[in-house]
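Colleague: fold the following, please.
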Amino acid sequence: MERIIAPSVLAADFGHLERDVMMVDRSEAAWIHVDVMDGHFVPNLSFGFPVLRAVRRATQKVVDVHLMITMPERYIARFAHDGADWITFHLEATQDIEHCIQLIRESGAKVGISIKPKTTVENLRPILHLVDMVLVMSVEPGFGGQKFIPESLDRIRELRTMAEVLNPELLIEVDGGISSANAHLLYEAGANVLVAGSSVFKAADPEAEISKMLHA
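Modeller: A predicted model of the protein is given here:
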């Protein structure tokens, strides 16, 4: 099964953003993850279009944008225009899931949908065939550096079993408390894409940590 590491620039040194993004470019990571928070859907603010454009200029990797914002349909086209290859929105953040999916398709980006830890996997069943990826949050979204919620492994297994019937090509991404120490458990459960922030950018050797995660 395909394995992808997506370091999250939320944990990068913003005084040296280009340096940190270029490190990801040199590494075995295939994607770079950009977390967008609005202070409403989650209790924190991160960054928006200017930072995305800066990341896009500095990298040749796939840019994976995770929208933790209310009513994401307002901004999907602009995120795609400014460099997102993948756009993931939260099932809990919109009243019109299929409209968001349609907007992402029309923008030319790949479609991801995310669920918080307390949202059941079963809620994804009606639209699983319409998306390219599901992002399973393994911490409460909004802040970096949290500990991995162990029950997330059961949710990943449940989702992979559902996807085998409804969408066999589905990618399963996981974000929150991930490092080389638990990466193998996530792959075994059925995950493809691992997002890691603090464990990569705060490592003594970030490129080595990325390699360890990929080959766990």
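Colleague: tell me the mean pLDDT for stretch 123-138?
Modeller: The predicted model assigns stretch 123-138 a mean pLDDT of 98.
Colleague: ok, now stretch 5-12?
Modeller: 96.
Colleague: same check on stretch 175-192?
Modeller: 96.
Colleague: start and end of that stretch, how far apart?
Modeller: 11 Å (CA to CA, to the nearest Å).
Colleague: low-confidence regions, this protein specifically.
Modeller: 144-145 (pLDDT under 70).
Colleague: let's verify the nearest residue to G108 once chain neighbours are set aside: helix, strand, or coil?
Modeller: Leaving out its chain neighbours, the residue that sits closest to G108 by CB to CB, 6 or more residues apart in numbering is A80, at 6.1 Å. Heads up, the C-betas are built off the backbone N, CA and C, glycines and all. Look at A80: counting by DSSP: H, G, I helix; E, B strand; the rest coil, its state is helix.
Colleague: can you map out the helices along the chain?
Modeller: 17-26, 49-58, 76-81, 97-107, 152-166, 183-189, 198-201, 206-214 (DSSP state H).
Colleague: any idea which of those helices is most buried?
Modeller: helix 198-201 (a mean of 22; mean count of other CB atoms under 10 Å).
Colleague: give the other helices and strands that it contacts.
Modeller: On a contact count with 3 or more CB pairs under 8 Å, 6 or more residues apart in numbering; DSSP states H and E, helix 198-201 meets helix 206-214.
Colleague: got the contact list for the helix it packs on?
Modeller: 3, 5, 7, 23-24, 26-29, 178-180, 183, 194, 196, 199-200, 203 (CB atoms under 8 Å, 6 or more residues apart in numbering).
Colleague: can you count the residues close to the closest residue to L45 other than its chain neighbours?
Modeller: Spatial nearest neighbour of L45, chain neighbours left out: G39 (4.4 Å); criterion: CB to CB, 6+ apart. The burial count assigned to G39 is 13, neighbours taken as other CB atoms under 10 Å.
Colleague: likewise D205?
Modeller: The burial count for D205: 10, using other CB under 10 Å.
Colleague: do the same with I127
Modeller: 18.
Colleague: rewinding a little: isn't the residue nearest to G108 right up against S107?
Modeller: Yes - at 3.4 Å, A80 and S107 qualify as touching, with contact defined as CB atoms under 8 Å.
Colleague: now do the shared contacts for the two.
Modeller: Joint contacts of A80 and S107 (CB under 8 Å, 6+ apart) are I87.
Colleague: the residue nearest to L45 and V131, how far apart?
Modeller: 26 Å (CB to CB, to the nearest Å).
Colleague: what separates K118 from V24, distance-wise?
Modeller: Taking CB to CB, one finds K118 at 31 Å from V24.
Colleague: M37 too?
Modeller: 20 Å.
Colleague: ok, back up a step: distance of the residue nearest to L45 from Y75?
Modeller: For G39, the distance to Y75 (CB to CB) stands at 14 Å.
Colleague: with R105 instead?
Modeller: 16 Å.
Colleague: go on, P141?
Modeller: 17 Å.
Colleague: ok, now I97?
Modeller: I97 is 16 Å from Y75, by CB to CB.
Colleague: alright, calling it a day.
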